[in-house]
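Enquirer: Sharing a model prediction with you, sequence too.
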Amino acid sequence: MKKLVLILAAMSSFAAAQAFANTELADANGDGAFSYEELQVTYPDLTQADFDAIDADGNGTLDAAEIAAAKEAGHLPS
């Protein structure tokens with residue numbers, strides 16, 4: 001019984017980790033950058049102020065480097 005509980009706990013942890021790790025962004029218009037609206041699909045709690053702070057070059061979209069920097073700084077979940 002104890003072995004079964006441990007196996008189920010491990011499987012549950014793995015499933016939760018996989019769900020979190022599968023956070024993928026969708027580039028809806030295929031331009032290679034992510035708008036505020038595109039990011040809100042994956043990060044619904046993201047505010048316009050947060051987005052603007054992450055947008056290092058101020059062009060209104062985020063590129064892969066800006067997203068990576070935001071994740072590293074803890075502004076976006078990994």
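Expert: Structure's in. What do you need?
Enquirer: quick one: Lys71 from Asn29, how far?
Expert: 22 Å (CB to CB, to the nearest Å). Every C-beta, even on glycine, is put in place using the N, C-alpha and C of the backbone.
Enquirer: Show me which of the two is the more surrounded one.
Expert: Between Lys71 and Asn29, Lys71 has the larger neighbour count (other CB atoms under 10 Å), namely 14 against 11.
Enquirer: my guess is the more buried one is in a helix, correct?
Expert: Yes - under DSSP: H, G, I helix; E, B strand; the rest coil, Lys71 sits within a helix.
Enquirer: who's in contact with it?
Expert: The neighbours of Lys71, taking CB atoms under 8 Å, 6 or more residues apart in numbering as the test, are Pro77, Ser78.
Enquirer: run the last query once more with 7 Å
Expert: Ser78 (CB atoms under 7 Å, 6 or more residues apart in numbering).
Enquirer: likewise Asp50?
Expert: Contacts for Asp50 (CB under 7 Å, 6+ apart) come out as His75.
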